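>>> Quick one: sequence and predicted model below, then my questions.
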Amino acid sequence: MPADRVHLVRHGEVENPDGVLYGRIEGFGLSARGRRMAELATASLAGADVRAVIASPLQRTRESAAPWIARFGVELGIDERLIEPTNVFEGINMRRDLPKRPDLWRHLHNPQRPSWGEPFLAVQARMLAAITTHWQEQDGGDVVLVSHQMPIVMVARTVAGKALAHNPSKRRCALSSITTLERRGDGFVEVSYAEPAASLLADAIDRGAV
């Protein structure tokens, strides 16, 4: 019998004083507020029967998984398929630096793919494969997968029957949010979306900590 539910959890706020797009760059961990966000997300499912916690290999997701590990007494698993997509704009502040980098402008030509990084279809495929794997490996209970905004959005749009191409500024996937799926028939459906850290989100985006 597979898991009852799969919870897709986004990492908490990142310490990012220069407001760069950090992507897969090493060394970007949670801020103090980000750790609190992760704790609030964990506490919101305190009564759940969490039997596995899996994170992307990046520092911010592993740190966001820490309170889940402590509360539910499971070992942390790592799955490369949950990682942030590649992005040619890594390391720059988009508002400040991109206007001064004409060499990078060509990567903006096709937002439907997108042309600046890993294709939406590739992210969708690896995320759904990871979700299916960890759902199948459990004997009931819940699975927590700690990932990143765009990969989680790809899953949410897929199960909702929406096009993968979208406006990044309008993504519904706040820091430390929880998107919960259940398997029904031949596919997954979203059964809830929650923002346990909503009280701490006020200026995170403006400070480049997403």
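Yep, it's here. Numbering: from 1, shown residues only.
>>> How far does the lowest-mean-pLDDT helix or strand in the chain sit from its chain's centre?
Sorting the helices and strands of the chain by mean pLDDT, DSSP states H and E puts helix 94-97 at the bottom, at a mean of 92. What separates the centre of helix 94-97 from the centre of its chain is 23 Å, taken as Cα atoms, centre = their mean, to the nearest Å.
>>> Assumed residue 8 was part of a strand.
Yes: with DSSP: H, G, I helix; E, B strand; the rest coil as the criterion, residue 8 is located in a strand.
>>> Show me the beta-bridge partners of it.
Beta-bridge pairing for residue 8 (DSSP bridges): residue 145, residue 179.
>>> buried residues in the least confident helix or strand of the chain?
With burial defined by 16 or more other Cβ atoms under 10 Å, the residues of helix 94-97 counted as buried are residue 97. The C-beta positions use only the backbone N, C-alpha and C, and glycine is treated the same way.
>>> So for the spatially most central residue of the chain, what pLDDT did the model give?
For the chain, residue 148 is the residue whose C-alpha lies nearest the centre (Cα atoms, centre = their mean; 2.0 Å). On pLDDT, residue 148 comes in at 97.
>>> The protein: helices as residue ranges?
32-44, 59-72, 94-97, 120-137, 149-159 (DSSP state H).
>>> mean pLDDT for those: which is lowest?
Taking the mean pLDDT of the helices of the chain, helix 94-97 comes last: a mean of 92.
>>> Go ahead and confirm the residue nearest to the centre of the chain touches residue 10.
Yes: Residue 148 lies in contact with residue 10 (Cβ atoms under 8 Å); the separation is 6.6 Å.
>>> ok, now how distant is the residue nearest to the centre of the chain from residue 187?
The gap separating residue 148 from residue 187 is 22 Å, by Cβ to Cβ, to the nearest Å.
>>> Right, I'll leave it there.
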